[in-house]
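Need a 3D model of the sequence below.
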Amino acid sequence: MSASTRAPILLLYRRLINLNCVPLVTLRCIPSVHRSSNELQDLTSSIGTISALGLTRYVSSSNSLQDTSSDDSDGEEASSSPSRIVDVAEIGPHGGHVTLNYGPDDCFQSTFHASWLWSNDPKKVMLPSGQRTCTPGQWSSVYGRPKIKHAKIIYCIVGSGGEDTDDAEPKRSLGSSIVSDASKLNVPGPTTRDCSHALPVYGTYPPWVSVSSRSNGTGDSNLRPYLQIQWSLPNNDDTFDTESFYDTEWLERLRYDDNARSYRRKKTEVTPIHAIRRSGPPLCYSLETAPVSERGRDHEQLRESIASKHAQDGLFHVNYRSLISADDQINERGLFNLMDAVFRDGAAIVSETPCPEKLESDNENDFPVAKIAKAMSGGSLSHGGLYGSIFHVRDGERNSNNVAYTSVPLCPHQDLAYYESPPGIQLLHCVAMGNGVLGGESTLIDALAAAYRLRELRPDSFECLVQCPATFVKQRGEACMTYRTPHIVLAEDGYSRSCSKSLIDREIVAVYWSPPFEGPVLLPPSDVDRYYEAYADFERLLDNSLSANGDSDDLSLHATEFTWERKLAPGEVLIFNNRRMLHGRRGFSVQKDINSNESQRHLVGCYTNIDDTLSCYRVLLRKSHITHILNVCNRSNVIP
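Just a heads-up that it's a prediction; the model follows:
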C-alpha cells in the first residue's frame, strides 16, 4: 500500500479511536479501499503500523494499566481531540427525532428522540448539585410533547480562547437560556468522560461558556460541534425556552442506538478471557488471545508488563506500604493500582501487611485490613450487623455459628447472598497460617465468566437459572433474613421481546450463588426438576472438587482451568469482588504433637459497600486514560 493511501487510513483510524467507534477499521467505512485480498492484507499491515505508532487500545506504564481512547487526553479534562465532522442527517416525521452523522464518510449515524433531548436539556440541570429540575414525564403531561422544529450543527471555539472567561457562568434563572452578549451564544462546557449530565457540574470547564459560533468546522482544529435545537410547542407556551444546545461529544458518549449499546456491551461484559485462572494471569493479557488491533510490539510490551505485575499465582500483588504509609496516609497511586486490579481481574493480593498489635481489639481502626478497606471505600466498612465490622475466620470462632468457623471444606460461594445488596468487596487478612496446618487453601472462581460459559455450553440450563428464583436464607436465634432472586440476572435492555433467543442473549449483570445458605425453592411444579438439573450443571462448572475423582466433562474442565487455589501466607490480604468472584476453602486439619503457634489458621476479614467502593474507583479513574469498566456484578451497567 502506498504512503498516499495509507495516510488517510491512519487518519481515519485515529478518528475512529477518538470516537470510541468499533475498534477495528471496517472496510465499509472506507469507500476508497477495495476489498480484494491484496488490499485486505495491506490494510492488516496498516493496522500493524498503527499498533507500532502507539495507537493501540491499551498502553502500559510503570505504575498501572491504562485503557486509552485518545493519545492526548489528560484524564481530568474533557477530550481535547480535533474537531469532528458532524452533521444533521434528518429530522424525523413530525419532529419526533433527529439523526446525526458522525465522522468522515458517514462513519456512523445515531438518532436522538425529541423526548430524550428535551428531558436531558442542559438548562434543566441544577447547579452545582447536578440534579434534574423537571421530570421526564413533563415532556408530555405539562408541555404537550414538544417537537423538533429545526436542528443544525454549529461550531464553537471552547477551551482555546473562544469562551468569554469573564462571564463564563452568567447568572441565570433555572430553565431559561441567558446569553451574556448578544453576539454570542451560551452553550454547555465540555464534560469529563464519566459525566452523565449534559453540562459539566465538575471538572475544569465551567458549566456554561459564552462563545461565538460558525456554521462549518473546517480550518480550525479547536472548533467544537454543538447541536442546536429549536422546539415547537403545541400549546405555544411563551414561557418555554424554544432553543437548546447539546455538546455532540456528550451526545456521542450517551448514544443509545443498537450499535452503540452493542459496542458498550463488548467493552464491559466479563467473559472467560477476563477470568483469573489456575495458573497465570487472565487470558485477555495473552498476545495470542488479544484482538488483532491490540497486537504488535506495544502489546508484547504490555503483556510482559502485566506478567511482571502478576505473581506466579496469576494475581496482581501490591505492597501494603505502597498503599498506607507508616503514619497512615493513603498513597493515591498505589490505591489506584490496587483498585484497578480488583475491578479488572476480580481479585488482588496486598503483601507484607503488618499483623494487628491488638488482635482481639474491638476498635476496627486497630486492624490494617480495615485501613485498606476504608481507603478503598471512602472511609467506611459495611455489613457488620451479623458478624461485626471486623470478623475472625478461625476454627471455633463464635461457637462455630457459621460453617466458615470450622475446619470443613467450603464450596465456592458468595458471602451474605441473603442480603438485598450483598457486600461489594471482601478483604481477608492472613494473620496466622502455621506449618502444622494441613490443607486450608483459599479458592476463587469468576462467577460472571462461568455464567457466560454456561450459556455457551448449556443454554437450556442457563435459561432456567435466569427464569427461576432461588431462595437465600440466614435464620437463627437473632437473625431472620430471606431473599429470592434468580441465580443469574441479565440486563433489562438490549433484546427483542418477540425473539425468544434474545431473551437469554443479554449481558449478565449479576450472579447469586451460595449453596450453604439456600433454602427451599418455591417454583411451579413443572420447573422443579428442571431447576435442580440446571443447578447441577452450573455447580459442575463452578466447583472443581466435584471432578476430583477423575470424571470430567466440558463443564468440569472449565472449573479445573479457572479455579485459583493457594494457601495464603501471613501478611497477605486477599481482596476480591464478592459480587463477581466466588470464594471457598479446602478442608484442613492440624498435625498432632505440634505447638499452638504452628497449629493456627486465622484470617481477619471485613467488607465494603459496592456503591461506595465503585464511586471511589471512578473518581480515581478521572486521572487515568481508562474509558470502560468491566461489569462489577451489581445488577447494572457502568455508564457512560
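
sec struct for Cys156, please.
Three-state call for Cys156 (DSSP: H, G, I helix; E, B strand; the rest coil): strand.

so it makes contact with Gln228?
No - proximity of Cys156 to Gln228 does not meet the contact threshold set by Cβ atoms under 8 Å, at 10.2 Å. C-beta: built from backbone N, CA, C; applies to glycine.

who has more neighbours, these two?
Higher neighbour count among Cys156 and Gln228: Cys156, with 24 against 17, using other Cβ atoms under 10 Å.

Look up which residues are beta-bridged to that one.
Ser213, Arg224 (DSSP bridges).

Quick one: residues contacting it.
Contact analysis of Cys156 by Cβ atoms under 8 Å, 6 or more residues apart in numbering lists 162, 185, 187, 209, 211-214, 223-224, 226.

go with 6 Å
By Cβ atoms under 6 Å, 6 or more residues apart in numbering, the residues touching Cys156 are 187, 211, 213, 224, 226.

Give me the longest helix you can find in this structure.
helix 525-542 (DSSP state H).

Of the contacts of Cys156, which pair is most distant in space?
Ser213 and Arg224 (10.0 Å; Cβ to Cβ).

which of these two has more neighbours?
Arg224 (28 against 18).

and that one, what pLDDT?
Note for Arg224: predicted pLDDT of 90.

I'd guessed it sits against Val158; true?
Yes - using Cβ atoms under 6 Å, Arg224 is in contact with Val158, at 4.8 Å.

what's the burial count for Ile276?
Ile276: 27 surrounding residues under other Cβ under 10 Å.

Kindly provide the distance from it to Ile85.
Counting by Cβ to Cβ, to the nearest Å, the separation of Ile276 from Ile85 is 43 Å.

Please name the nearest non-neighbouring residue to the residue nearest the centre of the chain.
For the chain, the residue nearest the mean C-alpha position is Ile629 (2.7 Å; Cα atoms, centre = their mean). Counting by Cβ to Cβ, 6 or more residues apart in numbering, Val638 is the residue found nearest to Ile629 once chain neighbours are left out, at 4.5 Å.

That neighbour in helix, strand or coil?
Val638 ends up coil, using three-state DSSP.

Count the neighbours of it for me.
When neighbours are counted by other Cβ under 10 Å, Val638 comes out with 17.

Okay, now the unreliable bits of the stretch 1-150 of the chain?
Within the stretch 1-150 of the chain, the stretches with pLDDT under 70 are 1-84, 104-106.

ok, which stretches of the stretch 451-600 of the chain are helices?
For the stretch 451-600 of the chain, applying DSSP state H, counting those that start in this stretch gives helices covering 459-467, 525-542, 554-562.

Tell me how far the second one lies from the chain's centre.
Meaning helix 525-542. How far helix 525-542 lies from its chain's middle: 29 Å, per Cα atoms, centre = their mean, to the nearest Å.

Please state the mean pLDDT value computed over it.
Mean predicted lDDT for helix 525-542 stands at 97.

got the CA positions of it in CSV?
Extracted C-alpha coordinates of helix 525-542, given in CSV (Å, rounded to 0.1, in the frame of the first residue of the first chain):
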residue,chain,number,x,y,z
PRO,A,525,-44.2,-27.9,39.8
SER,A,526,-43.2,-28.0,36.1
ASP,A,527,-40.0,-26.2,36.9
VAL,A,528,-38.8,-28.0,40.0
ASP,A,529,-36.8,-30.9,38.3
ARG,A,530,-35.7,-28.6,35.6
TYR,A,531,-34.2,-26.2,38.2
TYR,A,532,-32.3,-28.9,40.0
GLU,A,533,-30.8,-30.3,36.8
ALA,A,534,-29.7,-26.8,35.7
TYR,A,535,-28.3,-26.2,39.2
ALA,A,536,-26.2,-29.3,38.9
ASP,A,537,-24.8,-28.1,35.5
PHE,A,538,-23.7,-24.7,36.9
GLU,A,539,-22.3,-26.3,40.1
ARG,A,540,-20.0,-28.6,38.0
LEU,A,541,-18.8,-25.5,36.1
LEU,A,542,-18.0,-23.7,39.4
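
In it, which of the residues would be classed as buried?
530-531, 534-535, 537-542 (16 or more other Cβ atoms under 10 Å).

other SSEs contacting it?
Here helix 525-542 touches helix 447-457, helix 459-467, helix 554-562, going by 3 or more Cβ pairs under 6 Å, 6 or more residues apart in numbering; DSSP states H and E.

Throw these into CSV and include mean neighbour count, distance to His94 and mean pLDDT, thanks.
Listed next are these as CSV, based on neighbours: other Cβ atoms under 10 Å; distance: least, Cβ to Cβ, whole Å; pLDDT from 0 to 100:
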stretch, mean neighbour count, distance to His94, mean pLDDT
helix 447-457, 23, 41, 97
helix 459-467, 19, 39, 97
helix 554-562, 18, 52, 95
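
Compare the ones you listed and give me the one nearest Asn319.
Asn319 lies closest to helix 554-562 among the helices and strands packed on helix 525-542, at 27.1 Å (Cβ to Cβ).

Sketch out the helices for the stretch 301-450 of the chain, chain order is fine.
Counting by DSSP H, counting those that start in this stretch, the helices of the stretch 301-450 of the chain are 332-345, 368-377, 447-457.

Would you reformat those as a markdown table and include distance to Thr560?
Formatted as a markdown table, the helices of the stretch 301-450 of the chain follow (distance: least, Cβ to Cβ, whole Å):
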| stretch | distance to Thr560 |
| --- | --- |
| helix 332-345 | 19 |
| helix 368-377 | 31 |
| helix 447-457 | 12 |
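
Out of those helices, which is closest to Glu518?
helix 447-457 (14.7 Å).

Helix 525-542 and that closest one, what's the angle between them?
Helix 447-457 runs at 110 degrees relative to helix 525-542, counting by axes from the mean of the first three to the mean of the last three Cα atoms, to 10 degrees.

which other residues reach helix 447-457?
Counting by Cβ under 6 Å, 6+ apart, 270-272, 275, 462, 488, 508, 511, 513, 538, 541-542, 554, 558, 580, 582, 633 sit against helix 447-457.

Now it - C-alpha only, CSV.
Below are the C-alpha coordinates for helix 447-457, written out as CSV (Å, rounded to 0.1, in the frame of the first residue of the first chain):
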residue,chain,number,x,y,z
ALA,A,447,-18.9,-16.4,38.5
LEU,A,448,-19.6,-13.9,35.7
ALA,A,449,-17.3,-15.6,33.4
ALA,A,450,-18.7,-19.0,34.4
ALA,A,451,-22.2,-17.9,33.7
TYR,A,452,-21.1,-16.7,30.3
ARG,A,453,-19.6,-20.2,29.6
LEU,A,454,-22.8,-21.9,30.9
ARG,A,455,-24.8,-20.0,28.2
GLU,A,456,-22.4,-21.3,25.6
LEU,A,457,-22.4,-24.9,26.8
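
burial measure for the spatially closest residue to Trp118 that is not a sequence neighbour, as a count.
Residue nearest to Trp118 in three dimensions, not counting chain neighbours: Trp139, with 4.9 Å by Cβ to Cβ, 6+ apart. Residues lying near Trp139 (other Cβ under 10 Å) number 19.

residues in contact with whatever helix or strand Trp139 lives in?
According to DSSP states H and E, Trp139 maps onto helix 138-141. If you take Cβ under 6 Å, 6+ apart as the criterion, helix 138-141 is touched by 115, 118-119.
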